[in-house]
Every structure is written in structure tokens, then in C-alpha cells.
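Engineer: 3D, please:
(2 chains)
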Amino acid sequence: MAEQIGIFDEQFGKLERAMQVAAQRQAIIAHNIANANTPGYCAMEFDEHLMRAVERISNKNVNLEDELSALSKNSVDYSSYAKLISSRLSNLRTIVTQGRR
Amino acid sequence: MGLNQALDISVSGISAERVAMELIASNIANINTTRTAFGGPYRRRIAVMGEEPVSFDTYLVRAQEQVGGGVEVVDIVEDQSPFQRVYKPGHPDADAQGFVDLPNVDLSTEMVDMMYASRLYEANITAFNATKKMMQDTLQIQ
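Structural biologist: So this is what the prediction gives:
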């Protein structure tokens, strides 16, 4: 996580962390989709609190629809975090250039 | 980490489904094969998928994440179900009663398996593209 230095407030650190979590969740979803045809495989999901993948208890097999919807949601989440960072950076840029650009 | 690993996992899924498709193609192509290198009719082949084991090095790195390395074809097995016995007295491989053992390949089963493998192949590609889009979004931060 980025340290809080000067003009970068803690929101940057939070967004960065959120992007890391989304990237890890992406790997887990990809893993579930890849193993959709593996006998005896238990679907996994990302536990925000434990910060690691855990086996999903409710439905044992991989549900392809669930995984694909989670995939697009995760992808959109990630894009919005990236956009938020961009817009914060752009705000800061306006401030440091005193609104000239 | 994260996104690169997700790409590798999707690629492993894509190649595993490709192997499954190749076996299905081979089963359909050999639906009437009565002579093989091992003698006897062709036996239907199935790909057995398994979670790809993680090597020790990557296991240390991934100790906190606990995600495997995707999927792999752990084994290709022959279906041991009985051959179809068809009455074809004129066939050179017919037995004394005029019956021929034809491969235990059922076209409808193969077609269903093929649809499934092809959908899973697409699903893995979708996951790959989503990850790629995420990587591009990261590069767009400015």
C-alpha cells in the first residue's frame, strides 16, 4: 500500500488496495472457469476479510453463469478504480498547475 | 501476481479444452475403426482434468493467496464400456457368428461433449479478454 506522502491522501492507498484485491479475485474466477470440467473440484471465492481464496461451501460445482457474471462485475469494478485514480490525479494536476491547464 | 496469474490460468483452461476437443475429434473420426495398433476395435478416449499443482517455489510466493495454477489434463483414459456388436457377416473382422465389434463411440454423446468443451473454451477466452482489458485499464491511468 502506498504511503501517505504530501499531496497524495489515503484514498490513493485505498484505491490501490482495491485494485490489488480485484486482480486477485480475477485470478480466482479464472481458476474456477478453467476447472469447470474438473471432477471433484470445489469452486473458490475470494474472502475480503481473510484476503485469500476460500472454498465455496454452498454449491460445490462451478456454476459457469455465476462465474461469468462475477467476471464482468469484477472487470467493471477494476476499471472504475482505475478511472477514479485517474480523476484524482487529474484534480491534483489542476491544483499544482494552478488551473492553467 | 494477480493479473498475470489470471492470464496464465485462462491459458491453461484454453489448452485443456483444446485437448478435450482433439480427443472428441479423434473419437468421431474413429467411429468405425475396427483395427488399431493395440489390436481390436478403437476405444473411446476421454480427457481427465485436474487442478494444476503448484510448484514449491510458487507455493511459497502464493502461500497467502492459495490459488492453484489453473487446470491441466492429468490423464487420457480409454472408456472401458463394452463395444457395440453389430451383425455384419461380410465384414473381414466379423467373428464366426457374423458379429463385428465396433468402437464404443456414441455420436450423440460426443456431440454433447463437444458442445460443452467448446463453450468452456469460449468461457476461458472471455476470462482472458476481461483480464487483458483490466491490464489495459491499468496502463490508461494518467
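Engineer: OK, contacts around the most centrally placed residue in chain B?
Structural biologist: Computing the C-alpha centroid of chain B and ranking residues by C-alpha atoms, centre = their mean puts B:A20 first, at 1.9 Å. B:A20 is in contact with A:N37, B:A47, B:M49, B:V73, B:D113, B:A117, counting by C-beta atoms under 8 Å, 6 or more residues apart in numbering or on different chains. For every residue, glycine as well, the C-beta is placed using N, CA and C.
Engineer: So for the host helix or strand of B:K132, mean pLDDT?
Structural biologist: Using DSSP states H and E, B:K132 sits in helix B:107-139. On average, the pLDDT along helix B:107-139 is 94.
Engineer: got the buried residues for it?
Structural biologist: By neighbour count on 16 or more other C-beta atoms under 10 Å in any protein chain shown, the buried set for helix B:107-139 is B:110, B:113-114, B:116-117, B:120-121, B:123-128, B:130-131, B:134-135, B:137-138.
Engineer: now swap in stretch B:9-26 and tell me
Structural biologist: For stretch B:9-26, by 16+ other C-beta under 10 Å, it's B:9-17, B:20-21, B:23-24.
Engineer: Following element in sequence after the helix or strand bottoming out on mean pLDDT in chain A, please.
Structural biologist: Across the helices and strands of chain A, mean pLDDT, DSSP states H and E gives its lowest value to strand A:52-55, namely a mean of 74. Sequence order places helix A:64-96 as the next helix or strand after strand A:52-55, per DSSP H and E.
Engineer: Give me the neighbour count for residue 85.
Structural biologist: Because you didn't say which chain, this covers chain A. For A:I85, the number of neighbouring residues by other C-beta atoms under 10 Å in any protein chain shown comes to 20.
Engineer: um, chain B though
Structural biologist: B:R85: 12 surrounding residues under other C-beta under 10 Å.
Engineer: ditto for A:V62
Structural biologist: 22.
Engineer: Test my guess that it contacts A:A43.
Structural biologist: Yes - look at A:V62 against A:A43 with C-beta atoms under 8 Å: they come within range, at 4.8 Å.
Engineer: Touching both of these two, which residues are there?
Structural biologist: Joint contacts of A:V62 and A:A43 (C-beta under 8 Å, 6+ apart) are A:N32.
Engineer: need the contact list for A:A30.
Structural biologist: A:L71, B:A6, B:L7, B:I9, B:S10, B:G13, B:G70, B:N124, B:A127, B:F128, B:T131.
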